[in-house]
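What shape does this take:
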Amino acid sequence: VQLQAYGGGLVQPGGSLRLSCAASRFLLDYYAIGWFRQVPGKEREGISCIMSSPSRTYYADSVKGRFTISRDNAKNTVYLQMNSLKPEDTAVYYCATCGVNMSIYPTGYWGQGTLVTVSS
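Got it, this is the predicted structure:
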């Protein structure tokens, strides 16, 4: 397994949650890694991406200012800190290798999803 996401759960609106993505050393060294989310019936959305070196970060407008992506190379992990969560953030969240152009797009490697539910 090269990418494994975990940390989803149920949180109240306005709350916080941190997702983790355990990544292989190979992917961390050579690929940007990011987060995507998908709601059934809607298109998948790339929400954040962090480059391998330097660790430049990118965010979709929908999460900018609320979510923070980071990486800990010593722990082979990429994190997504999610604050001020809204019901519309409810989705299955995936970590994957990513690229950035006009938007954040996947580049081939995927982890399994973790469900985040924002509800009172």
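
When you work out contacts or count neighbours from here on, use the C-alpha atoms and nothing else.
Noted.

Which strands border the longest strand along the chain, and is each parallel or antiparallel?
The longest strand of the chain (DSSP state E) is strand 91-100. Next to strand 91-100 in the sheet, as set by DSSP bridges, lie strand 33-38 (antiparallel), strand 104-110 (antiparallel), strand 114-118 (antiparallel).

Now do that strand: everything it contacts.
Applying CA atoms under 8 Å, 6 or more residues apart in numbering, the external contacts of strand 91-100 come out as 3-5, 8, 21, 27, 31-39, 49, 58, 104-117.

Report the buried members of those.
In the contacts of strand 91-100, burial by neighbour count holds for 3-5, 8, 21, 27, 31-38, 49, 58, 104-106, 110-111, 113-117, counting by 16 or more other CA atoms under 10 Å.

before we move on, back to that, Gly65: which of the strands paired with strand 91-100 is closest?
strand 33-38 (15.5 Å; CA to CA).
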